[in-house]
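Peer 1: please find the sequence and the predicted model below.
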Amino acid sequence: MRLLVIHGPNLNLLGTREPQIYGTQSLTDVDARLAQEAVALGVEVVCVQHNAEGAIIDELHAARGRFDGIALNPGAYTHYSYAIRDAVASIGVPTVELHLSNLYARAQHEPFRAISVVAPACRGTVAGFGIESYVLALRALTSLLGA
Ligand code: DQA
């Protein structure tokens with residue numbers, strides 16, 4: 001089983017970006033944790049990061065026939081990218097949306113975060129568990145796909 005992890009915009013800055021919200025671990029740390037989890041689950045995991053919306057869409061298109069499932073953190077595109085939502089809906093590859101932070105808690109001060117336009121095209125969503133959100137998304141995909 002091959003799983004693709006897509007980190008969206010600004011996640012390349014993890015570790016230094018608003019650490020009170022996103023933690024102090026870097027994207028390299030996250031990918032290392034996911035590589036470890038991949039071994040435990042007996043699956044292959046490939047991680048990529050893109051800041052540009054079009055690059056994420058190209059990555060989703062290219063996943064067809066190459067990956068069995070996708071864990072997607074669309075970053076702020078979550079809240080307004082109908083293009084990413086349509087790409088997820090178009091490719092037919094089961095996709096789990098995930099977020100490090102609890103969008104609903106944050107929405108009390110930043111209402112725009114309560115809406116994900118990508119989520120309706122996904123199988124499910126994990127949010128609020130920090131790096132563990134990625135791990136839980138991989139476990140959900142593995143279970144869903146029957147590994
Ligand atoms: C995020 C939440 C988004 O609202 C935000 O724009 C991000 C990160 C998260 O992982 O918690 O960039 O997707």
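Peer 2: Looks like it came in fine. Numbering: from 1, shown residues only.
Peer 1: quick check: residues of this structure near the ligand?
Peer 2: Counting by C-beta under 6 Å from any ligand atom, the chain comes close to the ligand at 10, 73, 75, 76, 78, 99, 100, 101, 103, 113. C-beta: built from backbone N, CA, C; applies to glycine.
Peer 1: shaky segments in the chain?
Peer 2: Scanning the chain for pLDDT under 70 picks out 147.
Peer 1: would you map the strands across it?
Peer 2: Ranges of strands within the chain are 2-7, 44-49, 69-73, 95-99, 124-127, based on DSSP state E.
Peer 1: residue 51 touches residue 10, doesn't it?
Peer 2: Yes. Applying C-beta atoms under 8 Å as the test, residue 51 and residue 10 come out as touching, 7.0 Å apart.
Peer 1: surely residue 56 and residue 84 touch.
Peer 2: Yes. With contacts counted by C-beta under 8 Å, residue 56 reaches residue 84, the gap being 5.9 Å.
Peer 1: list residues touching both of these two?
Peer 2: 74, 77 (C-beta atoms under 8 Å, 6 or more residues apart in numbering).
Peer 1: turn the residues of the chain next to the ligand into CSV, including neighbour count.
Peer 2: Compiled in CSV, the residues of the chain next to the ligand are given as follows (neighbours: other C-beta atoms under 10 Å):
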residue, neighbour count
10, 14
73, 24
75, 21
76, 12
78, 24
99, 24
100, 23
101, 17
103, 20
113, 20
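Peer 1: mind listing which of these are in helices?
Peer 2: Counted as lying in helices by DSSP state H, out of the residues of the chain next to the ligand, are residue 103.
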